[in-house]
Structure formats: structure tokens, C-alpha cells
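In: build me a model:
(chains A and B)
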Protein chains: 2
Amino acid sequence: MSVKDTEKAYYAYVKKMMNFNEAIALAEWDMRTGAPKKGIRQRSEVVVTLADEGFRRSTSRTMKSYIETLTDPSVQDELSEVTRRMVEKSKKTYEHRVTIPAEEYKAFIMLQSEAQSVWEEAKAKSDFSLLRPYLEKMVALKRAFIGYWGIDKNKYDALLDLYEPGMTVETLDHVFAALRKGIIPLVQAVASSGAKPKGDFLSVRIPAEKQRAFCLYLLREIGYDFEAGRLDETEHPFETALNPGDVRVTTNYRENDFITAVLGTIHEGGHAIYEQNISRELVGTPLCAGTSMGIHESQSLFFENFVGRSRGFWERHYGELRKLANGQLDAVSLDDFYRAINKSHPSLIRIYADELTYPLHIMVRYDIEKALFDGDLEVKDLPGVWNEKMKEYLGMIPASDREGVLQDIHWPAGDFGYFPSYALGYVYAAQFRAAMLRDIPNFEDRLRSDGLDSITSWLSRHIHQYGSLKKPLELLKNATGEGPNPIYLLNYLKEKYSAIYRLKA
Amino acid sequence: MSVKDTEKAYYAYVKKMMNFNEAIALAEWDMRTGAPKKGIRQRSEVVVTLADEGFRRSTSRTMKSYIETLTDPSVQDELSEVTRRMVEKSKKTYEHRVTIPAEEYKAFIMLQSEAQSVWEEAKAKSDFSLLRPYLEKMVALKRAFIGYWGIDKNKYDALLDLYEPGMTVETLDHVFAALRKGIIPLVQAVASSGAKPKGDFLSVRIPAEKQRAFCLYLLREIGYDFEAGRLDETEHPFETALNPGDVRVTTNYRENDFITAVLGTIHEGGHAIYEQNISRELVGTPLCAGTSMGIHESQSLFFENFVGRSRGFWERHYGELRKLANGQLDAVSLDDFYRAINKSHPSLIRIYADELTYPLHIMVRYDIEKALFDGDLEVKDLPGVWNEKMKEYLGMIPASDREGVLQDIHWPAGDFGYFPSYALGYVYAAQFRAAMLRDIPNFEDRLRSDGLDSITSWLSRHIHQYGSLKKPLELLKNATGEGPNPIYLLNYLKEKYSAIYRLKA
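Out: A predicted model of the protein is given here:
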């Protein structure tokens, strides 16, 4: 077979795998948005069948031979950039999977599902000992996998790389140290400012169907394309990209807490706009997806915080919100509303944290994960070290493990190395914003009056269109001229919180 | 491998195929209930990938060897009834598919999709000549397939058998002749009775969300299980069974025509209750589905007509409907309402036909299909023969092919042999009702006061639970003591329409 023929056959092979993935994503969306409960067990078996099929192909002899042919140095000139990058991704997946003994891989998959359901119980009972044996097996398996991959130092780097290709402890240590140094004094200044923004009006009652109408309106306003997506309800909101023409968002309406649905929808909308704007040329390839968890999060946070928590945006939309609230917000000034949705105070729970203290929650988890894989921390010591770290970063200790080490699903799900992406997302988002301000200096005016077209189009041009064609650090460098640099986030936070809390310079 | 091991491996193999089918059914449900339009093209490719996978397995060497081992006469005693029937179905599918040259099979699949989209245009323009070349190819391929299956006389029987296993022209000729003989005088008597039931109140405006609430209420009342299903909106209503724990119905609300949504929902509910009540032991096998199109239709028609168009049912629910109509039906008596929803008059369009004239529409199509495959009718002559048959059976000739030969999607979809199932469904349903009346003589009282528990449970016991474990005629015989017998439908129609139109005996 000629190289061109091999390339063509490889594309067709990969396209089938992507089609299986799309079917899985649809089944999962369905299970989380209203599939009848009596069909769930059987539906899960459908997902397993499809996933097995994909796994089999990703590690097949056929795949191996495609990879061998298409990574041969002598043929590189004949291949497009897209093909080269696709093959690089296929090769990475192939090698990650075939080096792990099948039995251990299977044990890990089983453990993921068991540990998540045990976690629910452990969290409900606030009893870490229930989860401990599962986490111990999970960590032992993860450590073994890293060994199979031939890595014997900087082991945690191998996990970071799964979610944020190219990211290392060396870089993160630097980024997080700077963030910590900038954020902690700011948190203290906020606390000692004595200012207490009002916020009780955020719990006025707004019926779900009115919240839904407003969320639909806002999604349209930020540039989400409803011909390529839809909004549904779910327990734990998420975004899912079936293909760039079908990128769905979900939200959860609580009648006495409209702002959670509103900002949550904008957040998921940010993820979705990224996927909707990926070049259609990449459909059917593994490059047709956001390039990393961190870059993905940068887009959702960009929309949630720089748009959805900005004063300009609400100057434009507060009138609509007031209508929706049926008089209940008429006495609340725009300024009070803006301050309320940007209130900052340390909390125990990551997902309820505000913009300012959120990165500290991530650092707690980062320090722990690093110590689990490159240090001598053991699973049994997690609750203790969690509480120490919370004291160190946020000045508070949870009264129970439910509000402490058991709060997140990531570890029971086997996702070690994922958390740092959230903080990196903030850092990247602020860097993108700073770069964008050079091209669009009247950013706030646009939010206030012209809408988001120029903003979204900047993001599409520099980020979205590429999907995974460019790796995260390459994308960042091209768009902003530098590597991860926390100064932009710190500057943004200082400026914003100094104004809101009237801090002295 | 021992027979038991082969049996086990065969079950696992088939289970995977059923899982692919479930993923396809979900994708199709999704495309018809709100999938964003920009993602549809790519979603169709997902369906093709999954269908290919299923096709490949159904005709694989592995499947062949399972069938050979498990149909060996010497091992039959070791196999359960379920296994024997499964293998019989697998064998039938295998033989149907492998005897057709792959190229022709593929051409047929392509043609199905092309012809359906050409049909839409041809119907819109009322221009049969656009569709004609596609139908000619379709019929030529179908004739060739019948040849590959080794059939050279009674060819149409081979097509009937695809939808209604065991059904033959010989039986249908007898059934349809009797129906015709009974129905035509009744239609004439209705026409000459001079009675004109009122019906303008059926077009009062009821908002979609109120219609939806009423449809949800009625589905619950007839025994549809919402923990194993859901109700959504679509353009052309349908029911789809993903598995017995997830059987979905859809409907379409038109604000000035509530009765279409109400009776349509009950109809789809009847299909769904059949699937929801299939024994859970059959999940993961090809027997986990209604046994034939005719038996399926018997269940939807049973609920639509014998329940949803009965006086007893509306004695129970008319009060709810009046509330929903917000005063607009307060002056309409139950009796007028009952007569309105049972009004009969010949029409050109099958899907708008009433209970009495519906079978005549089927006979038009049956005569034509029979002549296409066992007679000398050619596709070019379809419009002419259509009009002749309409005149013969219904006394009217369509003014255009849009309202004539182009009205249905079945032929462009390649479904020759399907139509008779609709009329058989009526015949079966009336037979089941007659048999049920022997066990539950106070049928109408139950509808009026006690609800449908005993009725649904009778249907489940005699029909639903078996899925496809029993073939249609076997099921009918077991439940009613005889083969297809149109007398029960004729008696029911005579009794009902004589009362409504006050016909003389």
C-alpha cells in the first residue's frame, strides 16, 4: 500500500472510532438528562460494548501498522500537519494502553466504577475509611501504570500530561508559588476591608421556566449556536460535544438561587462555544476536540468570569433580568448586583469557591497529588494532610471529611493530575484576556453595548478553530507570546477586588 | 467447545449486536426529537457505522458456526426454548443477508435513503415521474432478492413474511375479502343515514403545554410506566423501544386539534406498553421485541380504538378534558364528544382515515403490491391503478398524486409487504378483544370506573410477555383459539357504527 493509501485507510479506521465515541457521548448525555431509570443498567452495558470496540481498535495490530508506517521519518514530508498530529495522538494512546497488562487495565476500569459508588456512600456518611481501600488500590495501580510507561522520576508529570499535555511540576510549582504569593495577601485585604457586599436578593424566587428563558437568551447573546446545540436540565451540569454541529449544554435550576444557573450556563456555554467553533475539517479525527483540560477551562472561565461577572455585561442585560424577576430586583442597583455576584470569602468547598479563592483550593489538591506520586504520602494520611493544607491555604479546617477530603469525585474516578487544569484555566484565561485587550482595547465597551462578536471571533481565531491540532502550550505561546504566566490573573484579581472592596493601593 | 459453551458464546455475541441496535435506536430517537440540525449529517454517519458493525456480525463466519452448531438436530434437547427460537431468528437473518450479493445489498441501502428524499420532493411537487426511476430500481432489486432467496412462486409471500412471519396471500385474500364484504355496505349505510355528528368543537384552542399535561395523565391511566419511558415531541410521532426499561413515545401538539395528540399518544402508548411488558429474561436477545408488525399494531389499535375511542373511557376522563379546555367544552355533552371522535367518512389520505374506512385504504395497497410481485403490474402504471383502486374501494379519486400514490413513505423506503400489517392489526385487536370479553365480561365498566389494570394484565399475560418468543399466528391461536378471523372486527364495527349513526338492523 502506498503511503497515501495507508493514510486514507487510517483516516477511515479512526473515523469509525470517533463514531463509536459519539454514540457513547450521546448515551451518556441521555442518561444524565432524563433517560428513564429502569433502562439505565442495560444502557450502561451499551456504553461498555461501544467503549470496548474503541479500545480494541486503539490497540489493534491494524492500528499498530498504521502508526509504524505513518511515523516513519522518510514519509513525514508526504503527510499533512493534521495527519502527523493525529498519528502522534494515536501513538500516544496506543503506547499508553498496550504497555499496561490487560488484566490491570481492566481492574482499573472496574475500580473506577466501584470507587465512585463507594465514594457516594463514604461522603454521605462522612467516613473516609470506606473509601480508603479503593483509593489505595487506585493509587497503587496508577503508580504501576507510570512504571509500565517507563517513567521512574517526576512521576506526577506523567499524570499531568494526561490532562494537560506538556505540563510539568517544574512549571506548575512556579505558577502556583506566584499565585499563592499574590492571592493570599489579597484575600487578607478583602477580609480586613470590613466591606460586606449585600447579597440576600440573590435568593429571590424565580421559577425554573423563567430562569430557562433567561439562560437561553444569554447563551444566544454570548454566541452559542442553537442550530448546533441545545440546553437541557441535569443534576450536575456539564457540556458535551458530540460533534462540532452538536454541542450540548446542561444546567440545573434552583428556584431560590437563580445566579447559579445563570453563571453555570455561561460557564458551560464557554466550553461549548470552543467546540462549536472547531474547524469542520477536523470532524472524524481525534483532533476534533479541545486540546486540553486547561485550555478548555480557560474558555469556560473566560465567559463565566470576564464576561458573566463583568460590570459591562450586566449593564447590557440587567434590565432583562429585572423583568424576569418580576419586580423583585427593581430596588437593587446594578452596582449592588455586580458586587453581590463577585463577593469573596474563603469556603470549605471548592465548587462553591469564588473567583479569588478558587486557585487556593486547587493548590491544596496539587500539593497532595504531588506528594502521593513523587513524595512519600500514603492514602491513609489523606484526611490529615488535607486539613493541614486547608489551614495553610485558606485558614480553615473542615469539621468533617464530607466537607474535606471526600468532597470531590475526581480521586475516586481515578483522575489524579486533573485538578491543576482548573487553576491553569484561570491563568490561561487571564493571559488570553490580556492579549485580547491589545487587539480590542475597548473590551468592556463591547460587553456593554456591541455584544460579543469581536471577542468570540478573537477566541475562535486564536484558539477554538484549532481543536487539538496545536498543543496547549503552543497555542498559548502563539496567542499570547509567552508560556503560562500568572501575572495577568493576579493583575486582574487585584484590580477587580480592589475596586469592589475599595482596598487601598 | 461444548454445546453449552457455544450457547453461552452465542448469547454474548448476540448481546453485543443488540447493544449496537440500542445505540442506533437512541441516535434515531435523538435525531427526531430535537438533535441540533447542524449535527445531523455526522450523526447519520454514526448510525451507518453502528449498523455496519451489526450487519457484519449477523453474517460473519462466527455467526455461521454458532448457527450450524446450534441447529444441529442432535443438540436440540439440550437447548432452551429461548435459545432455539433465537437461533431460528439469527438463521433467518443470516440466510436472507448472505444470499444477496454484497453490492446489491449496498445498492438497496443507498437507494432507500435516496428514494426517501426524492419522494419528499416528488410529493411536494405532486410529480410521480421524479420518483418513478427510484421505485423501478427498488422493485427490481426486491424482485431479485426474492430470487436469491430461492422463491419462484408466491413471491409476495416472501415480503409479507418479513413483517408478519407466516402470513400469506392465501390467508390475506380470505381476510380482506370478508372485510371488504362487511365494511363496504356499512360505509354506505353510514353515508345514507343522513346523520352528521357535530365536531367543530374538536378545533377549540388548547395550548401545547396543557395538551402535554393531559397526554401524560392519560398515558399513566392506560398503564404506561414513566420509570421505563418518557414522552417527547416530534414531527411524525413514533414509539421506540431501546430496552424494556426504556420505551419512549412521542407526539405532536397542534393547538387547534387536540384530539390528534390525545389519540396519537394513546396509540403510541399501546405500542410502548407491549414493549415495556416483555419479560426481562429476553433482554439482550433478538426476542426482546414485539413479534410482528401486525401484533404490534394490534396493541396500539386496541388502546387507540377500543380504549381511547370508547364511551366508557371518556365517561371517566371527560371531566379532566373539560378542565383542560378551560370552559370551551362545557356545553358539549359527553355523547356529542363521543360521536365526534368516532365520525366516519371516506377520505383520500390513509393516515387521516377513520376506524371504519381504514382497512379499505390498506386493501388498495395490498392489491397493488400483490400485482407488482406476483402479477404483471409495473411501476409506471402505479398512479393509474392507484386511482382505479381508490374508486373501487372508497368511491373517490384523488385530484393529484400527492393525495394519491405519493402519500406514503413506505414504498420509497423499500417497505413492500408492510401495509397489510396495519389491517391485520385491526383484525387481531378485535379478536383479542373478543377473547378478553370472555374473561372480563364487564370490559366497558372497567374502562368507566376501575381503570385498565385487568385489561392490560390480560394483554401482558397473553401477548406482551412473550416478546418474539412466540410467532404471531401461534400467539394469536394461543390467545384466541383460532387463526386470523375478521368476523370480530366486523361485529365490533357494525355494533359501534350502527349505534353512532342509528342505523337500522
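
In: all helices of the stretch 101-250 of chain A, in order?
Out: Counting by DSSP state H, counting those that start in this stretch, residue ranges of the helices within the stretch 101-250 of chain A are A:102-125, A:128-148, A:155-163, A:169-192, A:208-222.

In: and the ones you listed: which comes nearest chain B?
Out: Nearest to chain B, of all these, is helix A:208-222, at 9.6 Å by Cβ to the nearest Cβ. All C-beta spots, glycine's among them, are computed from the backbone N, C-alpha and C.

In: which strands and helices lie in contact with that closest one?
Out: Under the contact criterion of 3 or more Cβ pairs under 8 Å, 6 or more residues apart in numbering or on different chains; DSSP states H and E, helix A:208-222 touches strand A:231-233, helix A:258-276, helix A:311-324.

In: ok so, going back, make a markdown table from the helices of the stretch 101-250 of chain A and add distance to residue B:463 to it.
Out: Compiled in a markdown table, those are given as follows (distance: least, Cβ to Cβ, whole Å):
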| stretch | distance to residue B:463 |
| --- | --- |
| helix A:102-125 | 37 |
| helix A:128-148 | 46 |
| helix A:155-163 | 52 |
| helix A:169-192 | 64 |
| helix A:208-222 | 40 |
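
In: most tightly packed of those?
Out: With neighbours taken as mean count of other Cβ atoms under 10 Å in any protein chain shown, the helices of the stretch 101-250 of chain A reach their highest mean count in helix A:155-163, at a mean of 21.

In: so which residue is dead centre in chain A?
Out: Closest to where the C-alpha atoms of chain A average out (Cα atoms, centre = their mean) is residue A:297, at 4.1 Å.

In: name the helix or strand for that one, please.
Out: Assessed by DSSP states H and E, residue A:297 sits inside helix A:293-301.

In: alpha carbons only: can I get that helix in CSV?
Out: Written as CSV, here are the backbone C-alpha positions of helix A:293-301 (Å, rounded to 0.1, in the frame of the first residue of the first chain):
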residue,chain,number,x,y,z
MET,A,293,-8.5,20.4,30.1
GLY,A,294,-6.7,23.6,31.0
ILE,A,295,-7.4,25.3,27.6
HIS,A,296,-11.0,24.1,27.8
GLU,A,297,-11.4,25.5,31.3
SER,A,298,-9.8,28.8,30.1
GLN,A,299,-12.7,29.2,27.7
SER,A,300,-15.5,28.4,30.2
LEU,A,301,-13.9,30.7,32.8
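
In: now do the lengthiest helix in chain A against helix B:3-32, angle only.
Out: Taking DSSP state H as the criterion, chain A has its longest helix at helix A:3-32. Between helix A:3-32 and helix B:3-32, the angle comes out at 80 degrees (axes from the mean of the first three to the mean of the last three Cα atoms, to 10 degrees).

In: which single residue of the stretch 101-250 of chain A ends up nearest chain B?
Out: residue A:246 (2.6 Å).

In: so residue A:253 touches residue A:261, yeah?
Out: Yes - counting by Cβ atoms under 8 Å, residue A:261 is a contact partner of residue A:253 at 4.9 Å.

In: overlap of the contact sets of these two?
Out: Counting by Cβ atoms under 8 Å, 6 or more residues apart in numbering or on different chains, the contacts common to residue A:253 and residue A:261 are residue A:211.

In: any idea which of the helices of the stretch 101-250 of chain A has the lowest pLDDT on average?
Out: The minimum mean pLDDT among these belongs to helix A:102-125 (a mean of 92).

In: if we can go back for a sec, if you skip the residues just before and after it, what's nearest to the residue of the stretch 101-250 of chain A closest to chain B?
Out: residue B:39 (2.6 Å; Cβ to Cβ, 6 or more residues apart in numbering or on different chains).

In: my guess is the one you found contacts residue A:245, does it?
Out: Yes - counting by Cβ under 8 Å, residue B:39 touches residue A:245, with 3.6 Å between them.

In: mind checking which of these two has more residues around it?
Out: In terms of neighbours (other Cβ atoms under 10 Å in any protein chain shown), residue B:39 is the more surrounded of residue B:39 and residue A:245; the figures are 27 against 23.

In: that's a strand at the more buried one, yeah?
Out: No - applying DSSP: H, G, I helix; E, B strand; the rest coil, one finds residue B:39 to be helix, outside a strand.

In: so residue A:269 is in contact with residue A:224, correct?
Out: Yes - at 4.8 Å, residue A:269 counts as touching residue A:224 under the criterion of Cβ under 8 Å.

In: common neighbours of these two, please.
Out: Joint contacts of residue A:269 and residue A:224 (Cβ under 8 Å, 6+ apart) are residue A:249.

In: so what's residue A:119 up against?
Out: By Cβ under 8 Å, 6+ apart, the contact set of residue A:119 is A:131, A:134, A:406, A:409, A:412.

In: which strand or helix spans the third one?
Out: Applying DSSP H and E as the criterion places residue A:406 outside every helix and strand.

In: what about it, how many residues close to it?
Out: Count around residue A:406 with other Cβ under 10 Å applied: 26.

In: pLDDT score for it?
Out: pLDDT recorded at residue A:406 is 97.

In: just give the nearest non-adjacent residue to it, would you?
Out: residue A:123 (4.6 Å).

In: go on, the second one?
Out: Nearest in space to residue A:134, with sequence neighbours left out and distances taken as Cβ to Cβ, 6+ apart, is residue A:115 at 4.0 Å.

In: hmm, residue A:405 and residue A:126 touching each other?
Out: No - the pair residue A:126 / residue A:405 is not scored as a contact, 10.1 Å apart, by Cβ under 8 Å.

In: quick revisit: which one's more surrounded, residue A:269 and residue A:224?
Out: Shown here are residue A:269 and residue A:224; by other Cβ under 10 Å, residue A:269 has more neighbours (31 against 25).

In: need the per-residue pLDDT for that one.
Out: Here, the pLDDT recorded for residue A:269 equals 98.

In: and residue A:11, how close does it get to residue A:72?
Out: From residue A:11 across to residue A:72, the span is 17 Å (Cβ to Cβ, to the nearest Å).

In: what's the neighbour count on whatever residue of the stretch 301-450 of chain A ends up closest to chain B?
Out: Nearest residue of the stretch 301-450 of chain A to chain B: residue A:324, at 18.8 Å (Cβ to the nearest Cβ). Look at residue A:324: counted by other Cβ under 10 Å, it has 18 neighbours.

In: then the one 4 residues further on?
Out: When neighbours are defined as other Cβ under 10 Å, residue A:328 has 13 of them.

In: which residues touch the closest residue to it other than its chain neighbours?
Out: Using Cβ to Cβ, 6+ apart and skipping the chain neighbours, the partner closest in space to residue A:328 is residue A:204 (4.1 Å). Taking Cβ under 8 Å, 6+ apart, we find residue A:204 in contact with A:256, A:258, A:325, A:328-329.

In: angles on the backbone of residue A:204, please.
Out: Main-chain dihedrals, residue A:204, degrees, to the nearest 10: phi -60, psi 150.

In: helices along the stretch 401-505 of chain A, start to end?
Out: Secondary structure of the stretch 401-505 of chain A, counting by DSSP H, counting those that start in this stretch: helices at A:420-439, A:443-445, A:453-462, A:472-480, A:487-500.

In: out of those helices, deepest packed?
Out: Highest mean neighbour count of those: helix A:420-439, a mean of 22 (counted as mean count of other Cβ under 10 Å).

In: who are the packing partners of that one?
Out: Looks like helix A:420-439 contacts helix A:155-163, helix A:169-192, helix A:293-301, helix A:358-374, helix A:443-445, helix A:453-462, helix A:472-480, helix A:487-500 (3+ Cβ pairs under 8 Å, 6+ apart).
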